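S.K.: Curious how this folds, go ahead:
(2 chains)
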Amino acid sequence: MSAETAGPETLGSLSDEPQQDPNSQQAKEISGKSPLRIALGRLARDKIAVVCAVVVLFFVICAMFAGTISDLFGVSLETPLASERVDGLNNGLPKPEMGPPVGPFTWEHPMGVAPRTGEDNLAYWLHGCRVSLLIAFTATLIASVVGVVIGLLAGFLGGAVDKVLSFFIDMFLTIPFLLAALTLAPILNERFNTSPDYPTIQKFSLVMVLAMFGWMGTARLIRGEVLALREREFVQAARVMGMPTSRILFKELLPNLAAPIIISVSLMLPAFVALEAGLAYLGIGVTDGVSWGQTILKAATPTYFREYPQYLWQPLLGIVALVLSLNLLGDAVRDALDPKTRR
Amino acid sequence: MFAYVVKRLISGVLVVTLVSMGIFLLFWFGPSSPAQPICDRETSNRCGDRIEIYEETLGYNNPVYEEYGKFVQGVFVGRTLTIASSEYECPAPCLGVSYRTKQPVKEELVSRMPATFSVAIGGAFLYLLFGVPIGVAAARRRGTVADKALVSSFLFISSIPYYLFALLTWLYLTITFEVPLFSDTGYFSIGENGPFKWFSGLFLAWVALGIFGCTQYTRFTRGAMVEALSEDYIRTAKAKGLPARKIVYKHGLRAALVPVVTIFGIDFGTLLAGTIFTERIFEIQGIGWWALEAVQGKDLPVVMATALFSAVVLIISNLLVDVVYSVLDPRVRLS
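M.R.: Next comes the predicted model:
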């Protein structure tokens, strides 16, 4: 029996809404949207967020295809014979045929070459971008996992577990990050500095140091959320049904924590990008030269800066653009996820 | 209140103990011998087998808990340290003897304090001096173009990593434009060089810290002020015809400043604990600079001392902030 033939006394036509096929276009439009989809929709309408996302995407592409892009431009990380490219008599600044600051622009070295060593700036910039993003992403991932697990356990189990975990959260918050990194990084590095994989190990230990002092914020945030969530009916129902704790934690609670996790990731990523370069600048992060912070350290000497400011500005703009767009994108994501600002 | 403070102090002592143990263990079980750098230095890189003597006298052959016990004992009653064939007297709060300078670490720490404290006090003063009035002004002009421009430009500045901001300030003002006042940055003690030299050496560091840090204070003050100005008692004050200045500064700002004071306390503590980037960039020989040097020279006692010093400063400042907060805001009860 179709809707048109139903009499006025049937339940189907009690409402004013026209009858419709549940699979029609209209039915799909009024179908429920998950909070994440609503947030994504709001993000797509936010112009600043879209621009920032494009900038971040640009850096991600540079990082992923650093090798390929270098090859396209015909540049590489190899250390050349310095005397071919730089002028030892002129403070080690590049020769005129190497492009700015002495000569005109050349496609052979689109971003010029480094003073003293003559290494190609573009190749170092691209690989520095890769190092920066790789370290920031891995550290964020590890810190998030640790923070979420500790926050879940502290919030859900409560009691003594919560007390101990909260004490550790507070203790790590009291330790000043820079000093800790200062102490830890050289010790971790010392062990392996004869190993052939030294650069890799150094990056790994840097990731560990960053993650070790990055998880507390997430843990606190998650713990607070879990404290509120664990009293909700669906968690009690799961308990009554006899679900094991691990299942309640990861199947029931975790999906409800998507928003705070995304928020803490959005705060961590730009902070880690900035810290990676900062530590490299202090000489305690990446020390094999392929890092924006290392380039800044080399470029920030009075002589080079006076004669060759681009050398400093290239990595500096990279960091600023990446950190700025990650920060603004994070702001936009937080706004989009916040039900209070829903328009 | 008293019980709360005691409780916090006990947990603070616990944290300091754990931190010191952590550093001790790190160096102990660290991969390279902590005695290697000092041995290399004293034998002009012909250390070889003599490393044994250094390890033995510095106590690296004893169990770690024994040495940690000696360290703790030194902190309370002082001790005499032996490095190779020389003995070093280290009185009461003994944090060890620097492996590089052979001076008691505590004395050097004290001698480095004025530089870091000068940076911290000046910078923190500028946080408030710039931050609060600009925040109040923005809150009073809320929603206008000026307010929006200010808020977004400050958001922009605070998104730049601080060390890059400070580095650019130094490079442009000192190196490129050679502004006379900023030409010689660094710490010059008032006693030896006079107040002007002291002031001009630190001025640029203060400005960089102040401008960068004040963005945060502007944001907080503006937010708190906007909230305070929409309260009923402000409307009452307006209704009874008080002058606008009085309403804003006496009634509004007083309420708005409470959260700002809290954040200020924490930030000031962080600054006192060591301003590594500022000291590195502006060549100020303070605690942060010292820590950096010590790490590069693997000077265990100095690394230990700087880390402990900053942990203690942070714990005390956090505690003070909580106590002050409960005094400022009677609704907060410490328990």
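
S.K.: So which elements touch the helix or strand encompassing A:I319?
M.R.: In this structure, A:I319 sits in helix A:309-337 according to DSSP states H and E. Here helix A:309-337 touches helix A:35-45, helix A:47-64, helix A:121-157, helix A:258-282, helix A:292-299, helix A:302-307, helix B:145-159, helix B:162-170, going by 3 or more Cβ pairs under 8 Å, 6 or more residues apart in numbering or on different chains; DSSP states H and E. For the C-beta atoms, the positions are set from N, CA and C on the backbone; glycine is no exception.

S.K.: helices and strands around the strand or helix carrying B:T17, which ones?
M.R.: Under the criterion of DSSP H and E, B:T17 resides in helix B:2-28. Other elements packing on helix B:2-28 under the criterion 3+ Cβ pairs under 8 Å, 6+ apart are helix A:159-174, helix A:177-192, helix B:64-77, helix B:300-328.

S.K.: out of those, which comes closest to A:P100?
M.R.: Distance to A:P100, taken as Cβ to Cβ, is lowest for helix A:177-192 among those, at 34.4 Å.

S.K.: what mean pLDDT does that closest one have?
M.R.: Averaging pLDDT along helix A:177-192 gives 73.

S.K.: for the chain, what are the low-confidence residue spans?
M.R.: In the absence of a named chain, chain A is used. Scanning chain A for pLDDT under 70 picks out the ranges A:1-31, A:82, A:88, A:101-102, A:185-186, A:188-194, A:339-343.

S.K.: nope, chain B please
M.R.: Within chain B, the stretches with pLDDT under 70 are B:30-33, B:332-335.

S.K.: can you list the domain ranges for it.
M.R.: Chain B breaks down into these domains under automatic domain parsing: B:2-105, B:106-328.

S.K.: Could you report the distance from the residue nearest the centre of chain A to A:T218?
M.R.: The geometric centre of chain A, computed from its C-alpha atoms, lies nearest to A:L269 (Cα atoms, centre = their mean), at 2.9 Å. In this view, A:L269 and A:T218 are 12 Å apart by Cβ to Cβ, to the nearest Å.

S.K.: Please name the residues that touch the residue of the stretch 1-150 of chain A found nearest chain B.
M.R.: Going by Cβ to the nearest Cβ, chain B is nearest to A:I48 of the stretch 1-150 of chain A, at 10.0 Å. Shown in contact with A:I48 (Cβ atoms under 8 Å, 6 or more residues apart in numbering or on different chains): A:L328, A:A332.

S.K.: For burial, what's the neighbour tally of residue 59?
M.R.: Assuming you mean chain A. 19 (other Cβ atoms under 10 Å in any protein chain shown).

S.K.: Let me rephrase: I mean chain B.
M.R.: Each residue near B:G59 was counted by other Cβ under 10 Å, and the total is 16.

S.K.: returning to that earlier point: what's the angle from the helix holding B:T17 to helix B:64-77?
M.R.: On the basis of axes from the mean of the first three to the mean of the last three Cα atoms, to 10 degrees, helix B:2-28 is oriented at 130 degrees to helix B:64-77.

S.K.: Go ahead and measure how far helix B:2-28 is from the middle of the chain.
M.R.: The chain centroid and the centroid of helix B:2-28 are separated by 18 Å under Cα atoms, centre = their mean, to the nearest Å.

S.K.: Over to stretch B:149-169?
M.R.: From the chain centre to the centre of stretch B:149-169 is a distance of 20 Å (Cα atoms, centre = their mean).
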